[in-house]
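Novice: Need coordinates for the below:
(one chain, ligands or ions: 2)
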Amino acid sequence: MALLKKSSDKTGEPVKKTGKKGAPEPRVITECFCHNKHSLIDDLSKFGDYKGISLKLVSSLSKGQLTLSPVIGDLSRTFFNFNYVADELIKICCPTCLEPLPVYDTCSCGADLVAIFTSRKADFSECVGICQRVGCLNAKIMCSESLSRLIRHRHYFY
Ligand SMILES: [Zn+2]
Ligand SMILES: [Zn+2]
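Specialist: Numbers count the residues shown, from 1 in each chain. Ligands and ions are numbered 1, 2, ... in the order given. Next comes the predicted model:
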């Protein structure tokens with residue numbers, strides 16, 4: 001699938017919300033990276049004003065792409081060209097280097113959680129864990145202690 005990117009003055013700029021005073025601002029992941037420091041924020045799919053987090057998926061049936069909403073607490077996600085069996089374990093890879101993301105922890109469902117990093121340091125203390133089980137994707141995106149302190153949510157997608 002061809003990913004056509006418009007060249008625009010916004011390229012590479014982290015999206016920042018300049019909300020009105022008094023209105024609760026959505027907390028948004030504005031940058032995240034694979035372990036090789038490739039940015040996973042992509043304008044393949046937008047969620048409101050925000051660029052989605054783009055991941056390459058590999059299942060037994062197909063290869064495709066998943067885009068997650070970067071807004072904390074927003075369950076939106078979009079699959080592109082991806083077929084899967086319910087509860088199947090999928091490989092979650094960086095769309096740029098195509099390497100599987102590193103395992104971060106074990107999910108309560110028994111599958112592995114892989115990490116996407118919220119800083120270029122590729123430090124597991126600054127990452128979001130994503131469950132490899134398809135049926136679990138909604139609920140098991142979790143964040144580490146430091147990120148949860150930052151965003152004051154224990155679990156990203158709860
Ligand atoms: Zn990469
Ligand atoms: Zn799980």
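Novice: Once you drop chain neighbours, what's closest to Ser60?
Specialist: Glu88 (6.7 Å; C-beta to C-beta, 6 or more residues apart in numbering). C-beta here means a position set from N, CA and C on the backbone, and glycine is covered the same way.
Novice: Enumerate every residue touching that neighbour.
Specialist: Contacts of Glu88 were listed using C-beta atoms under 8 Å, 6 or more residues apart in numbering, and they are 59-60, 133-134.
Novice: for Cys136, same thing?
Specialist: Taking C-beta under 8 Å, 6+ apart as the test, what Cys136 contacts is 87, 107, 109, 111.
Novice: Please report how far it lies from His35.
Specialist: According to C-beta to C-beta, to the nearest Å, Cys136 and His35 sit 22 Å apart.
Novice: now Asp112
Specialist: 14 Å.
Novice: Could you count how many residues lie near the closest residue in space to Asn36 that isn't next to it in sequence?
Specialist: Of all residues beyond its chain neighbours, the one nearest Asn36 is Cys97 (4.9 Å), with distances taken as C-beta to C-beta, 6+ apart. When counting by other C-beta atoms under 10 Å, one arrives at 13 neighbours for Cys97.
Novice: With Leu75 instead?
Specialist: 13.
Novice: Is it in contact with Leu68, as I believe?
Specialist: No. The criterion here is C-beta atoms under 8 Å, and Leu75 misses it with Leu68 at 9.2 Å.
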